[in-house]
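[1] okay, here's the prediction I keep looking at, along with the sequence it came from:
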Amino acid sequence: MATRRTYLDNASTTFPKPPCVTEAVCRYMTEMGTNVGRGEYASAFDTEDLVFDTRAALCALLGGADPSDVVFTRNVTEALNLVLKGFLHPGDHVIVSSMEHNAVMRPLTQLAAAGVTFSRAQCAPDGTLDAAKVERLICPQTRAVVMTHASNVCGTILPVCEVGAICRRRGIPLVIDAAQTAGVVPISMEECGAAAICFTGHKGLLGPQGIGGCVLDPEFATQIDALVAGGTGSHSDSEQMPSFMPDRLEAGTPNLPGIAGLAASLAWLGEKGIDAVRGHELALTQRLLDGLRPLAAARRVRLAGLPGTEGRTGVVSIQTPGYDLSQVAHDLDARFGIQTRVGLHCAPCAHKTLGTFPAGTIRFSLGWANTEADVDLAISALGELLT
């Protein structure tokens, strides 16, 4: 039984968090603890400042126009549901890539039962996409393009800015799922021509679970209906939702401890620098890919996605021909303390694109806290298990 823990599942949630994140959550719970818009006293005003400052930091990071257009949700899944279900109507057509996560596909499948249609732009077997394929699918009913920025299965980055240029030219909103890239790969609403960037706090942004959201183009935001209605602490004289942002799309008490932790992680990222974090992750990714090559040459490992670090995140997925994936993943943990994810990773169509369906893959996802020793251990462990 392994005693050392080597965490290589950062695409699910980053771990460990920077110490300042834990400290910020604890500080909020022990020193602040108040709601937003529900109190006329100093600590309530401090909480309002915390929330606004966090919106402003996200707006700056993701290239939004105004902090009021940052809407908080529990996670990226809820943010995508808010945008898709609040914007689309029967008869509308949507274009997606063949690498989408179920956070996009399941809401669209629900909407399809109500008369919304969608088409998939087919990606190559390495997960890459020719943006021209998106344009060829546009029809008079196309109301939005929804696309992941990077695959959670193989790490391949999709050409969202090229697609955004097409969307801008054709007057179609682009909605980006940045679950795997926010905080790791630079992205800007303005540069990509995006109408919405949906994010989660607990992955590359290094914050706690339970906090996410979206940054919206101001005009696009006016076309979204609220997914949840209720108290906002504003315009309490009316039983109608407020007409102004972000209250128009937010209701109830937000995850304020999560926002406090996210504020701290955003500050940490600002000091560290996204480029430095990305450079560290890609250097480790290259080391892992290099170490897998002998196993691939011996046909003990099959790599999904791109062969190098160009155009990808720090996610590496493999199959183990002749060896049961679940057993290998179990043995990596039980014998060596190496924690990975195995299966279909909530993205069945992506696996069909990559040729890894229905078995799935073992996914190694590297983060800011991983080291060369972690990578070397994973390589040697696989070599020992796949003999």
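    Done, it's in. Numbering: from 1, shown residues only.
[2] I figured Ala195 hits Asp217, correct?
    Yes: here Ala195 reaches Asp217: they are 4.6 Å apart, a contact under C-beta atoms under 8 Å. (C-beta placed from N, C-alpha, C; glycine too.)
[3] now list whatever residues contact both of these two.
    Pro173 (C-beta atoms under 8 Å, 6 or more residues apart in numbering).
[4] which of those two has more residues huddled nearby?
    Ala195 (28 against 20; other C-beta atoms under 10 Å).
[5] measure the more buried one to Ile95 for me?
    According to C-beta to C-beta, to the nearest Å, Ala195 stands 14 Å off from Ile95.
[6] identify the contacts common to these two.
    Joint contacts of Ala195 and Ile95 (C-beta under 8 Å, 6+ apart) are Ala144.
[7] dump the residue contacts of the closest residue in space to Pro186 that isn't next to it in sequence.
    Spatial nearest neighbour of Pro186, chain neighbours left out: Ile274 (5.9 Å); criterion: C-beta to C-beta, 6 or more residues apart in numbering. Contact analysis of Ile274 by C-beta under 8 Å, 6+ apart lists 183-186.
[8] any of those residues buried? List them.
    Buried by 16 or more other C-beta atoms under 10 Å: 183-185, out of the contacts of Ile274.
[9] which one of those is nearest to Arg136?
    Nearest to Arg136 among the buried ones among the contacts of Ile274 is Val185, at 26.4 Å by C-beta to C-beta.
[10] got phi/psi on that closest one?
    Taking degrees, to the nearest 10, you get phi -120, psi 120 for the backbone angles of Val185.
[11] what does the pLDDT read for it?
    With respect to pLDDT, Val185 scores 97.
[12] how many neighbouring residues does Ala267 have?
    With other C-beta under 10 Å as criterion, Ala267 counts 17.
[13] longest helix in this structure, by residue count?
    Once the chain is assigned using DSSP state H, the helix that runs over the most residues is helix 274-297.
[14] count the neighbours of Cys20 for me.
    17.
[15] could you find the closest non-adjacent residue to it?
    Ala264 (4.5 Å).
[16] now Cys59
    Ranked by C-beta to C-beta, 6+ apart and with sequence neighbours excluded, the top spatial neighbour of Cys59 is Pro67, at 4.7 Å.
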